[in-house]
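A.B. asks: pasting the sequence and the predicted model now:
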Amino acid sequence: SRHPGPVAVVAEERVVAASVQARGEGVRPGQRRRDALRRCGSLVVLERRLGDERRAFAPVLEVLESFGTPVASCEPGWAAFATRGPARRCGGEAALVAALSALLADLDLPGRWWRVGIGDGAFVATQAAAVEAIVARGAGATFLAHLEIEALGRPELAEVLRNLGITTLGEFAALGRDEVLARFGVDGGRAHRLAGGHEEAPLTPRPRALDLAVTASLDPPAADLEAVAVVTSGLAERLAERLARSGLACARLRVEVCTVGGDRLACAWSSEGHLRPAVVAERLRERLESWSAIQGPTGRAGGASQPEDVGEVAQGGVERVTLVPEELAPDRGRQLELWGRSHGGDEPAARATARVQKLLGAAAVVRPVLVGGRGPGERVRLVPVGDPVPREAGSSARPLRPALPGSVAPEDPAPPWPGRLPAPSPSIVVGIPRAVRLLDAAGQPIGVDGRGAVSGIPAALGATGAPATVAVAAFCGPWPVDERWWEGAGRRRRARIQVVTADGEALL
């Protein structure tokens with residue numbers, strides 16, 4: 001971390017990593033964001049960026065691979081490998097830990113710190129690393145026995161076990177296997193095996209890192225944007241070929257441009273489907289035009305006048321362009337039409353979109369995406385075409401339209417949204433809800449109490465201030481929601497009910 005104080009990384013409103021200073025204040029992975037802030041008022045909270053984490057952790061993996069054994073890494077910040085061969089070459093497990101620590105100390109990583117543990121299997125070794133211990137062969141169950149039940153990394157299971165009076169891994173491991181399977185299912189059975197020091201599966205070594213980034217150096221530097229666009233198009237073609245040879249698809253592309261004057265422009269776009277070199281070049285050209293206009297003729301931000309030619313790049317021209325693929329996933333191919341031809345409309349549509357964005361600006365062409373939320377109007381957000389899908393904590397963003405052929409679906413963590421309206425959602429959502437009267441058979445207004453129960457059976461529906469009503473044929477709900485109760489003035493309490501009128505109209 002480049003922040004001098006306590007820092008925590010958060011994903012989906014839970015802490016996934018904490019600095020040494022933050023841990024000293026009581027911040028732990030798995031805590032909710034508000035609990036961590038309650039423990040440490042000066043905590044700097046950063047949203048998780050997996051792409052940056054993988055790149056920062058890559059040098060550590062290279063150090064581990066230098067010991068000549070396959071390395072497994074299920075997420076950035078954690079890695080494991082079999083120690084038998086390296087320990088024998090280093091003169092013992094303690095010597096191996098010392099050699100590994102010395103190599104890690106030589107890495108130029110800001111805020112670096114690490115812990116190394118050795119044990120029978122990845123789970124035992126991970127718990128040993130927390131206390132920097134070397135667990136003797138066959139002593140894993142004894143080492144784990146005194147650890148708190150939360151060490152399993154299953155908060156829901158740990159909460160249930162604590163309510164049952166089981167607080168340590170040893171107490172959980174002492175339960176009968178059949179009883180655990182009957183009560184907690186297959187996942188509970190896996191956790192039971194881990195608590196007893198029995199690994200679920202061997203380590204799966206990570207594939208060798210692929211350096212798929214492509215770079216072009218322009219000599220002499222190009223001051224004309226058309227020349228930069230031509231170079232970028234060629235780079236995109238090279239990158240597409242590399243991805244195809246590796247069987248990968250790119251969901252996010254980062255473009256870096258360096259000028260002679262030392263300025264650096266970096267931008268990222270989501271990539272629906274296979275890379276389209278012409279579209280990549282056009283979007284970069286648009287960004288460079290905007291950048292040149294902001295820089296001004298002097299090459300510095302806030303120039304007093306507009307450049308006479310926006311086709312000229314400030315600061316002497318571009319000397320290097322780099323394309324970096326991010327968020328890679330296996331390429332599942334392209335769906336052909338029944339007569340064997342591929343979809344032909346995507347490429348022209350993408351080019352047309354890029355041209356419209358060039359004329360009107362990137363924000364003028366938008367697409368709807370689904371995000372997390374409870375109400376139907378809260379779940380749709382308009383995002384400029386080409387911009388990454390929003391990934392704020394707690395959302396499950398995905399495009400509303402089907403994925404393009406060969407596209408990579410964004411991550412959908414499907415977080416819980418208590419009170420969310422079940423499908424199907426209304427096809428029309430008005431900006432300002434219309435005021436209506438929902439009445440029971442006696443003509444009294446329907447209400448919802450604090451427990452979420454309706455005061456009567458809806459029988460009629462009418463507009464506020466109008467005497468006419470229409471009969472209600474069926475209803476379902478309510479779905480009560482109490483949002484932002486901690487904000488006082490920002491608190492929102494509401495209850496949604498779906499009704500079907502006698503004329504067949506469905507309303508929320």
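C.D. replies: Yes, it's here. Residues are numbered from 1 along each chain as shown.
A.B. asks: residue 141: what's it in contact with?
C.D. replies: 170, 173, 196, 197 (C-beta atoms under 8 Å, 6 or more residues apart in numbering). The C-beta positions use only the backbone N, C-alpha and C, and glycine is treated the same way.
A.B. asks: and which of the residues you listed is nearest residue 507?
C.D. replies: residue 173 (55.1 Å; C-beta to C-beta).
A.B. asks: let's see the pLDDT reported for that closest one.
C.D. replies: Residue 173 is assigned 91 on the pLDDT scale.
A.B. asks: how close does it sit to residue 119?
C.D. replies: Computed as C-beta to C-beta, to the nearest Å, the residue 173 to residue 119 distance reads 15 Å.
A.B. asks: so which of the two has more stuff around it?
C.D. replies: Counted by other C-beta atoms under 10 Å, residue 173 and residue 119 do not tie: residue 119 has more neighbours, with 25 against 21.
A.B. asks: so the more buried one touches residue 127, yeah?
C.D. replies: Yes. With contact defined as C-beta atoms under 8 Å, residue 119 reaches residue 127; the gap is 7.3 Å.
A.B. asks: can you work out which residues contact both of these two?
C.D. replies: Joint contacts of residue 119 and residue 127 (C-beta under 8 Å, 6+ apart) are residue 143.
A.B. asks: next SSE after the helix or strand of the chain with the lowest mean pLDDT?
C.D. replies: Within the chain, confidence by mean pLDDT, DSSP states H and E is lowest for strand 398-399 among all helices and strands, at a mean of 46. Later in the chain than strand 398-399, the nearest helix or strand by DSSP states H and E is strand 436-439.
A.B. asks: count the residues that sit near residue 11.
C.D. replies: 17.
A.B. asks: what's the distance between the spatially closest residue to it that is not a sequence neighbour and residue 13?
C.D. replies: Leaving aside its chain neighbours, residue 11 sits nearest to residue 48 (3.9 Å; criterion: C-beta to C-beta, 6 or more residues apart in numbering). Taking C-beta to C-beta as the measure, residue 48 falls 11 Å from residue 13.
A.B. asks: neighbour-wise, which of the two wins?
C.D. replies: Counted by other C-beta under 10 Å, residue 48 and residue 13 do not tie: residue 48 has more neighbours, with 17 against 12.
A.B. asks: test my guess that the more buried one contacts residue 9.
C.D. replies: Yes. Using C-beta under 8 Å, residue 48 is in contact with residue 9, at 5.2 Å.
A.B. asks: which residues do the two both contact?
C.D. replies: residue 16.
A.B. asks: doesn't residue 17 fall inside a strand?
C.D. replies: Yes. Counting by DSSP: H, G, I helix; E, B strand; the rest coil, residue 17 is part of a strand.
A.B. asks: pLDDT wise, what is it at?
C.D. replies: Per-residue pLDDT puts residue 17 at 83.
A.B. asks: and the nearest residue to it once chain neighbours are set aside, what does it touch?
C.D. replies: Spatially, and ignoring its direct neighbours in sequence, residue 17 is nearest to residue 9 (4.3 Å; C-beta to C-beta, 6+ apart). Neighbouring residues of residue 9 by C-beta under 8 Å, 6+ apart: 15, 16, 17, 18, 46, 47, 48.
A.B. asks: of those residues - the most surrounded one?
C.D. replies: The most crowded member of those, judged by other C-beta under 10 Å, is residue 18 (24 neighbours).
A.B. asks: isn't it up against residue 24?
C.D. replies: No. Between residue 18 and residue 24 there is no contact under C-beta under 8 Å: 9.4 Å.
A.B. asks: now do the shared contacts for those two.
C.D. replies: With C-beta under 8 Å, 6+ apart, residue 18 and residue 24 have common neighbours residue 6.
A.B. asks: show me the shaky parts of the stretch 1-150 of the chain.
C.D. replies: Where the stretch 1-150 of the chain drops to pLDDT under 70, the residues are 1-3, 51, 109-112.
A.B. asks: which stretches of it form helices?
C.D. replies: 20-24, 33-39, 50-65, 84-90, 93-105, 122-130, 140-144 (DSSP state H, counting those that start in this stretch).
A.B. asks: one step back: can you tell me how far the residue nearest to residue 11 is from residue 26?
C.D. replies: From residue 48 to residue 26 the distance is 20 Å (C-beta to C-beta).
A.B. asks: try residue 285
C.D. replies: 51 Å.
A.B. asks: looking at these two, which one has more neighbours?
C.D. replies: residue 285 (20 against 14).
A.B. asks: do I have it right that the more buried one meets residue 227?
C.D. replies: No. Judged on C-beta under 8 Å, residue 285 makes no contact with residue 227 at a distance of 10.3 Å.
A.B. asks: what is the burial count for residue 467?
C.D. replies: For residue 467, using other C-beta under 10 Å, the count is 6.
A.B. asks: just residue 317 next, same as before
C.D. replies: So residue 317, with other C-beta under 10 Å, has 19 neighbours.
A.B. asks: what sits against it?
C.D. replies: 218, 220, 221, 222, 223, 224, 259, 260.
A.B. asks: SS state for the third one?
C.D. replies: Which is residue 221. Under three-state DSSP, residue 221 comes out as strand.
A.B. asks: distance-wise, check the nearest residue to it once chain neighbours are set aside relative to residue 229.
C.D. replies: Nearest in space to residue 221, with sequence neighbours left out and distances taken as C-beta to C-beta, 6+ apart, is residue 317 at 3.6 Å. The gap separating residue 317 from residue 229 is 13 Å, by C-beta to C-beta.
A.B. asks: buried set for stretch 217-236?
C.D. replies: 218, 221-223, 225, 227-229, 231-233, 235-236 (16 or more other C-beta atoms under 10 Å).
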